[in-house]
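[1] fold the following for me, if possible:
(one chain, ligands or ions: 2)
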Amino acid sequence: MDEQKVLSIKGLLDDTPEEYLSHKEKYENSIRKSVLFYKTLHSTEDENMSVDEKTKLNFRNIVTSAIFKDNSPFMLHNSMFIPTIMGQGTDEQREYWMKRAKNMEIIGTYAQTELGHGTFIRGLETQATYDPDTEEFVLHSPVLSSYKWWPGGLAHTANYCIVMARLYIKGKSHGIHPFMVQIRDEETHMPLPGIKLGEIGAKLGFNTVNNGFLGFENHRISRDRMLMKNAQVLKDGTFVAGSNSKLTYGTMVYVRVLIVSNMANMLAKAVTIALRYSAIRRQSQPKPDEPEPQILDYVTQQHKLFIAIASSHAFYMNAMWLWEIYYSVSLQLASGKLDNLPELHALACCLKPLSTIDATAMIEKCRLACGGHGYMLSANLAQTYGLATAAYTYEGENTVLLLQAARSLVKAWVGHVKGRPLKGTMAYLAGDSTVKAWDGSIDGIIQSFKVVAIRKISSVVKILQDYEKSGLSPEDAWNKASVFLTAASEAHGRAVLLSVYKSEMDKRAAVLSPPLRKVLLQLVDLYVTYWALEKVGDMLLYASITDKDVDELQRRYIELLAAIRPNAVGLVDAFDFRDEILNSTLGAYDGRAYERLMEEAMKSPLNAEPVNQTFHKYLKPFMRGKL
Ligand SMILES: CCCCCCCC/C=C\CCC/C=C/C(=O)SCCNC(=O)CCNC(=O)[C@H](O)C(C)(C)COP(=O)(O)OP(=O)(O)OC[C@H]1O[C@@H](n2cnc3c(N)ncnc32)[C@H](O)[C@@H]1OP(=O)(O)O
Ligand SMILES: Cc1cc2nc3c(=O)[nH]c(=O)nc-3n(C[C@H](O)[C@H](O)[C@H](O)COP(=O)(O)OP(=O)(O)OC[C@H]3O[C@@H](n4cnc5c(N)ncnc54)[C@H](O)[C@@H]3O)c2cc1C
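    Numbering: from 1, shown residues only. Ligands and ions are numbered 1, 2, ... in the order given. As a prediction, this is how the structure comes out:
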């Protein structure tokens, strides 16, 4: 069913703005809408789908599930519970659980993070102890810090849950493994015996995702509830290890890739709102004899917003490119070929952080670009920021992931110096690390970003080696150099983002009409030029740019803003967000922002009466000196 029909479904859109609902009412309203929504549109990946169909579905699921000002309590069901069954279950387990999950007969979540551990998966404390006498696992939360904490939908929505727990057999730990656990009775929805459930409380955003906590008191599950694709426990308790213990982490790679496309979508929403508002908002009078101009005609406003359009395109192109890699590596893993997993992991550890860092910052810049009205919740910019900034933390906190990527980059560089060939997205590290003369072309600038990455990686390896020569342990050397390790990862990520955006656009340019090609390539030029100016220090240090070149870059940047201006509104209209999905008083297609601001204001419960009851109860006696 297309979005047109979905959005016309009665009750899907809110009569009372969510802002005026209580925490509990927001959740209940979100469940009501989610049920309506999922009954009509949502669908999940099917293993027989083509890569293109899966990619489109993922993007559509993100776009359509963005219909709420906040995310749905069903979010984890589709984005992690189902992918984990697909990626970690045996054929038999997939057969059984996928049917129930896809039909929404059961609702699941993914419980990995604990009160005491999020990043350090090997530190997770939830226990799954195998009892060969009963062929069961005993799930137990030994201490408060071992309580699962954060999983979306866990508090009151899900009745099943993938629990990542430490497997013990005969007192020996066999690491972290996924277990399918029923947490609530399917009829009464009551928590099962030995299971403690609850909600973790109000948050900056995500306030309808129903993030919860989960504690086990010696809760027993049958042996077949361990998802055993990558490792097995036989009836007698024999542990059969998988080919690579990190295959258990596969869902996280999947979601990190998903997040890159999600950032493209979130940023597109925010810049659509801010840019449309900038087209209707008139303010100030620079020229006395002329009317107040559209604020979109202020070059500072263009500087704030146009990069957001280009960045959304860049994230989308990189996401589609990364999905192709993800699906091909997934097929290789299925046939036991693991050698490309480290590179996929490293790529996801770069692109997820950079896309969330940039998107978060640019969404906030979109809000700030709308002045006072951007501060209204009815503009839906603050909520969009709240959703995006969560992705800085979840699915691998950004610093930690950049350090993971650095691990791969350092290994690749040390190997390269020893003569080992570099491959894939790291092959450029073998390239020339000096820029003879600044080549201000787009390809030349992208090459300069690669040189910056090469130089930052090689220099941080030198720092590490010097620390170790001075007697520091590898771990202490790593920690001491970690600021520059993350900088090296960021430089690599920038080089990937820029070169993939350019190359993916070049591939598509041939089939575009000349006017469309011109506009889209202007955005590529703007993106590359913007980042060269943002990173001008690196360019001066490593890419032999001169002050004259910088002056030229600045002028080119200003000209690009002017060139894009006539198409700016058309570019955000091309994102094709319906008003119901933008959900914003400032971003509606008809541009009636003031009327919508007033309409929304009148929905405030406080406007139901001219005099609030506190006047007679408190104010009047107070003002009469009688309190
Ligand atoms: C409107 C919007 C709607 C749609 C939105 C869609 C998008 C969002 C959808 C859902 C998300 C919201 C809900 C959030 C869920 C979660 O947050 S789930 C929990 C996520 N938690 C994490 O990501 C934890 C992060 N920590 C780690 O990944 C690891 O602990 C580590 C930090 C990477 C490693 O830790 P450690 O220091 O212990 O190192 P090791 O364990 O020894 O591992 C290092 C070696 O292993 C390799 N490795 C590590 N991880 C992976 C992996 N995932 N895949 C492959 N390989 C991996 C690493 O390369 C090292 O290898 P080496 O030893 O050879 O160098
Ligand atoms: C909105 C939201 C939804 C979430 N949903 C889920 C969910 O559905 N399921 C789930 O399992 N989890 C979920 N999470 C939890 C999320 O995965 C964790 O918060 C995340 O992995 C970070 O772990 P942490 O919170 O323990 O932070 P920490 O790891 O404690 O990080 C705190 C600080 O310590 C630093 N740090 C930690 N380790 C290192 C290191 N090795 N080197 C350098 N610095 C380090 C970090 O950089 C950070 O600055 C969610 C979180 C949020 C915010």
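[2] where's the residue lying closest to residue 348 once chain neighbours are set aside relative to ligand 2, distance?
    Take residue 348 and drop its neighbours on the chain: the residue closest to it by Cβ to Cβ, 6 or more residues apart in numbering is residue 256, 3.9 Å away. Bear in mind the C-beta positions are built from the backbone N, C-alpha and C, glycine included. According to Cβ to the nearest ligand atom, to the nearest Å, residue 256 stands 11 Å off from ligand 2.
[3] for residue 211, same thing?
    To ligand 2, residue 211 is 6 Å away according to Cβ to the nearest ligand atom.
[4] also residue 339?
    Relative to ligand 2, residue 339 is positioned 26 Å away (Cβ to the nearest ligand atom).
[5] go on, residue 182?
    Residue 182 is 18 Å from ligand 2, by Cβ to the nearest ligand atom.
[6] find the closest residue to ligand 2 in the protein.
    Using Cβ to the nearest ligand atom, the closest approach of the chain to ligand 2 is made by residue 118 at 2.1 Å.
[7] the residue nearest to residue 348 contacts residue 350, correct?
    No: applying Cβ atoms under 8 Å as the test, residue 256 and residue 350 come out as separate, 9.7 Å apart.
[8] surely the residue of the chain closest to ligand 2 is in a helix?
    No: Residue 118: not assigned to a helix; according to DSSP: H, G, I helix; E, B strand; the rest coil it is coil.
[9] in the stretch 1-150 of the chain, which spans are strands?
    Counting by DSSP state E, counting those that start in this stretch, one finds strands in the stretch 1-150 of the chain at the ranges 108-111, 127-131, 136-140, 148-149.
[10] nearest to ligand 1, out of those strands?
    Among the strands of the stretch 1-150 of the chain, the nearest to ligand 1 by Cβ to the nearest ligand atom is strand 108-111 (5.7 Å).
[11] which strands and helices sit next to the closest one?
    Under the contact criterion of 3 or more Cβ pairs under 8 Å, 6 or more residues apart in numbering; DSSP states H and E, strand 108-111 touches helix 75-76, strand 160-169.
[12] could you export those as CSV, including mean pLDDT and mean neighbour count?
    Shown next, in CSV, are these (pLDDT from 0 to 100; neighbours: other Cβ atoms under 10 Å):
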stretch, mean pLDDT, mean neighbour count
helix 75-76, 93, 26
strand 160-169, 98, 23
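[13] for those, which one sits closest to ligand 1?
    Distance to ligand 1, taken as Cβ to the nearest ligand atom, is lowest for helix 75-76 among these, at 5.8 Å.
[14] point out the other helices and strands that that closest one packs with.
    Contacts defined by 3+ Cβ pairs under 8 Å, 6+ apart place helix 75-76 against strand 108-111.
[15] what sits in contact with each of residue 256 and residue 350?
    Common contacts of residue 256 and residue 350, defined by Cβ atoms under 8 Å, 6 or more residues apart in numbering, comprise residue 401.
[16] now do the strands in the chain.
    Taking DSSP state E, the strands of the chain run over residues 108-111, 127-131, 136-140, 148-149, 160-169, 172-182, 195-199, 212-216, 219-222, 232-233, 239-240.
[17] what would the strands of the stretch 1-150 of the chain look like in TSV with mean neighbour count, distance to ligand 1 and mean pLDDT?
    Below are these laid out as TSV (neighbours: other Cβ atoms under 10 Å; distance: least, Cβ to the nearest ligand atom, whole Å; pLDDT from 0 to 100):
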stretch	mean neighbour count	distance to ligand 1	mean pLDDT
strand 108-111	30	6	98
strand 127-131	20	17	98
strand 136-140	21	18	98
strand 148-149	24	10	98
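[18] as CSV, those with distance to ligand 2 would be great.
    Below are the strands of the stretch 1-150 of the chain laid out as CSV (distance: least, Cβ to the nearest ligand atom, whole Å):
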stretch, distance to ligand 2
strand 108-111, 5
strand 127-131, 16
strand 136-140, 16
strand 148-149, 7
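[19] tell me which of these lies nearest to residue 458.
    Closest to residue 458 of those, according to Cβ to Cβ: strand 108-111, at 38.6 Å.
[20] show me how far that closest one is from its chain's centre.
    Between the centre of strand 108-111 and the centre of its chain there are 17 Å (Cα atoms, centre = their mean, to the nearest Å).
[21] what's next to that strand, contact-wise?
    Under Cβ under 8 Å, 6+ apart, the answer for strand 108-111 is 76-77, 80-82, 84, 101, 148, 151-154, 157-164, 214, 251.
[22] sorry, back to before: would you turn the helices and strands packed on strand 108-111 into CSV with distance to ligand 2?
    What follows is these, written out as CSV (distance: least, Cβ to the nearest ligand atom, whole Å):
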stretch, distance to ligand 2
helix 75-76, 5
strand 160-169, 7
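[23] got a markdown table for these, with distance to residue 132 too?
    A markdown table is the format used below for those (distance: least, Cβ to Cβ, whole Å):
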| stretch | distance to residue 132 |
| --- | --- |
| helix 75-76 | 32 |
| strand 160-169 | 8 |
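[24] mind checking which of the ones you listed is nearest residue 515?
    Of all the helices and strands packed on strand 108-111, helix 75-76 sits nearest to residue 515, with 39.0 Å by Cβ to Cβ.
[25] and that closest one, how far out from the chain middle?
    Put simply, helix 75-76 sits 13 Å off its chain's centre (Cα atoms, centre = their mean).
[26] could you measure from the residue nearest the centre of the chain over to residue 70?
    In the chain, the C-alpha closest to the average C-alpha coordinate belongs to residue 259, at a distance of 3.2 Å (Cα atoms, centre = their mean). Going from residue 259 to residue 70 by Cβ to Cβ, to the nearest Å gives 17 Å.
[27] one more: residue 191?
    Per Cβ to Cβ, residue 191 is found 25 Å from residue 70.
[28] these two: which is more packed in?
    More neighbours surround residue 70 than the other of residue 191 and residue 70, with 20 against 16 (other Cβ atoms under 10 Å).
[29] quick one on the thing from earlier: quick one: neighbours of the residue of the chain closest to ligand 2, just the number.
    Counted with other Cβ under 10 Å, residue 118 comes out at 18.
[30] so which residues on the stretch 101-250 of the chain come close to ligand 2?
    By Cβ under 6 Å from any ligand atom, the residues of the stretch 101-250 of the chain that approach ligand 2 are 110, 111, 112, 113, 118, 119, 150, 151, 152, 206, 211.
[31] any idea how far residue 610 is from residue 36?
    Distance, residue 36 to residue 610, using Cβ to Cβ: 36 Å.
[32] ranges for the helices of the stretch 401-550 of the chain?
    Per DSSP state H, counting those that start in this stretch, the stretch 401-550 of the chain carries helices over the ranges 442-469, 474-480, 482-509, 514-534, 536-542, 547-564.
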